[in-house]
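Asks: A predicted structure for the sequence below; I have some questions about it.
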Amino acid sequence: MSDPEEPLGPVDATRIPRFAGPATFARLPRIDEVPVGARAGGIAVLGMPFDAGTSYRPGARFGPGHIRASSRLLRPFHPALAVAPFEAKQVVDAGDLALNPFDIEEALASIETGVAALRSEGLRVVSLGGDHTVALPVLRAISDEVGPVAVVHFDAHLDTWDTYFGAPYTHGTPFRRASEEGLLDLHRCVHIGTRGPLYSAHDLHDDAVLGFQVVTADAYEIRGVAGVVETVRRRLGDAPVYVSVDVDVLDPAFAPGTGTPEAGGLTSRELLGTLRALADRDLLGADVVEVSPAYDHAEITGIAAAHIVYELLAVMASR
Ligand SMILES: N=C(N)NCCCC(=O)O
Ligand SMILES: [Zn+2]
Ligand SMILES: [Zn+2]
């Protein structure tokens, strides 16, 4: 029997093979297996199978299941941070939200309600996308509680464009809408890993007005992880942060399974190292989005995404 005082942890891989048993993230307990009182102060991993906001390759609606399937090999101890995240915090898999694939605004409302419900139980939420549109309603739910939020946004793209085909809610527009809606701390938001062609030079001007500083992918070549981290820390001050990770921030060599791939991206090691440097921060929540398994090979993208989620959980458990 498990000790009711201790967090209920993942299935023990030395007793039940990794390729057997429940298909939750990292083989963690389902939310309904942990009493409400024991969940408070914990972390919920929440699937958002939604890709009606994609502008190019679809398929991110299958991202949550793919990330979970690729998370079976994760182990309980994070050596670089010296933390056992599933012992330090009660982490649960809250399953997937049921999101209307034909009505974007209804889907966004369902996400906001779903995240708010978990947060009202005292759980922080790590979202598994889904396309990047899902970040907007998550920020609505968090900002509704704590006011304008500092966002660290890892992405090849700015995602502060205005509309596509006249549509305001897409995966290329969540951070413009968030800024317009007053959800962002305009002095404390930063993009990391930006690269590739834009629509026009105005894109960068608009982006700065909307509240973002840009750290390009090239900055890693010039200044390394430590240099990037220094810039980010200066931007954030000591504010609590929301971390949004579009898996296309990684080079397509490290994450081919995504909707809008761009050459010249980060290595997995650079991304994990940058996330790790946030371990002394108060993380309000996080997402890992844009995993599109139909374009993945040998679980390359799924494994990268599972490790990104694990890094985020370890960072959250470090404080
Ligand atoms: N959020 C992601 N992954 N991509 C946005 C790209 C929008 C475009 O097609 O220009
Ligand atoms: Zn992107
Ligand atoms: Zn994005």
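Replies: Great, that's in hand. Numbers count the residues shown, from 1 in each chain. Ligands and ions are numbered 1, 2, ... in the order given.
Asks: Show me which positions of stretch 218-225 end up buried.
Replies: Neighbour counts using 16 or more other Cβ atoms under 10 Å place 219-220, 225 of stretch 218-225 among the buried residues. Yep, even glycine has a C-beta here, placed from its N, CA and C like the rest.
Asks: Over to stretch 254-267?
Replies: 254-262, 265-266.
Asks: related to what we said a few turns ago, inside strands: which ones of the buried residues of stretch 218-225?
Replies: If you go by DSSP state E, the buried residues of stretch 218-225 have nothing in strands.
Asks: Reformat those into CSV and put pLDDT and distance to R61 next to each item.
Replies: Formatted as CSV, the buried residues of stretch 218-225 follow (pLDDT from 0 to 100; distance: Cβ to Cβ, whole Å):
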residue, pLDDT, distance to R61
A219, 98, 33
Y220, 98, 31
V225, 98, 32
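Asks: Just list the residues touching P252, thanks.
Replies: P252 sits next to 258, 261-263, 265 when contact means Cβ atoms under 8 Å, 6 or more residues apart in numbering.
Asks: By mean pLDDT, flag the weakest helix or strand of the protein.
Replies: helix 36-39 (a mean of 96; mean pLDDT, DSSP states H and E).
Asks: now for the buried residues of stretch 254-267, which pair is the farthest apart?
Replies: Distance extremes for those: the farthest pair is G259 and L266 at 17.3 Å, using Cβ to Cβ.
Asks: Near ligand 3, which residues of this protein are found?
Replies: Counting by Cβ under 5 Å from the ion, the chain comes close to ligand 3 at 132, 155, 157, 159, 246.
Asks: and these near ligand 2, which?
Replies: Answer for these near ligand 2 (Cβ under 5 Å from the ion): 155, 157, 246.
Asks: Dihedrals phi and psi, the nearest residue to the first one once chain neighbours are set aside?
Replies: In this case it means D155. Spatial nearest neighbour of D155, chain neighbours left out: D246 (3.9 Å); criterion: Cβ to Cβ, 6 or more residues apart in numbering. In terms of degrees, to the nearest 10, the main-chain angles of D246 are phi -80, psi 120.
Asks: show me the contacts for D246.
Replies: 132, 153-157, 159, 258, 289-290.
Asks: Tabulate those (a markdown table), appending pLDDT and secondary structure.
Replies: What follows is the contacts of D246, written out as a markdown table (pLDDT from 0 to 100; DSSP: H, G, I helix; E, B strand; the rest coil):
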| residue | pLDDT | secondary structure |
| --- | --- | --- |
| H132 | 99 | helix |
| H153 | 99 | strand |
| F154 | 99 | strand |
| D155 | 99 | coil |
| A156 | 99 | coil |
| H157 | 99 | coil |
| D159 | 98 | coil |
| T258 | 99 | strand |
| V289 | 99 | strand |
| E290 | 99 | coil |
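Asks: So which of the ones next to ligand 2 among the residues of the chain next to ligand 3 reach ligand 1?
Replies: 157, 246 (Cβ under 6 Å from any ligand atom).
Asks: Can you tell me which of the ones next to ligand 2 among the residues of the chain next to ligand 3 is closest to A94?
Replies: D246 (21.5 Å).
Asks: neighbours around the residue in the stretch 51-200 of the chain that ligand 2 sits nearest to, how many?
Replies: Using Cβ to the ion, H157 is the residue of the stretch 51-200 of the chain that sits closest to ligand 2, at 3.7 Å. H157 has 25 neighbouring residues, counting by other Cβ atoms under 10 Å.
Asks: I'd assumed P261 was in contact with it.
Replies: No - counting by Cβ atoms under 8 Å, H157 stays clear of P261, with 10.6 Å between them.
Asks: shared neighbours of the two, anything?
Replies: With Cβ under 8 Å, 6+ apart, H157 and P261 have common neighbours D248.
Asks: Just grab the bridge partners of the spatially most central residue of the chain for me.
Replies: By Cα atoms, centre = their mean, the mean C-alpha position of the chain lies nearest to D287, the distance being 1.8 Å. Note on D287: beta-bridge partners by DSSP bridges are S127, S244.
Asks: Tell me the pLDDT of it.
Replies: Per-residue pLDDT puts D287 at 99.
Asks: same check, this time on M1
Replies: For M1, pLDDT reads 48.
Asks: Alongside ligand 1, which residues does the chain contribute?
Replies: For the chain, the contact set with ligand 1 under Cβ under 6 Å from any ligand atom comprises 55-56, 132, 157, 159, 171-172, 246, 248, 259-260, 290.
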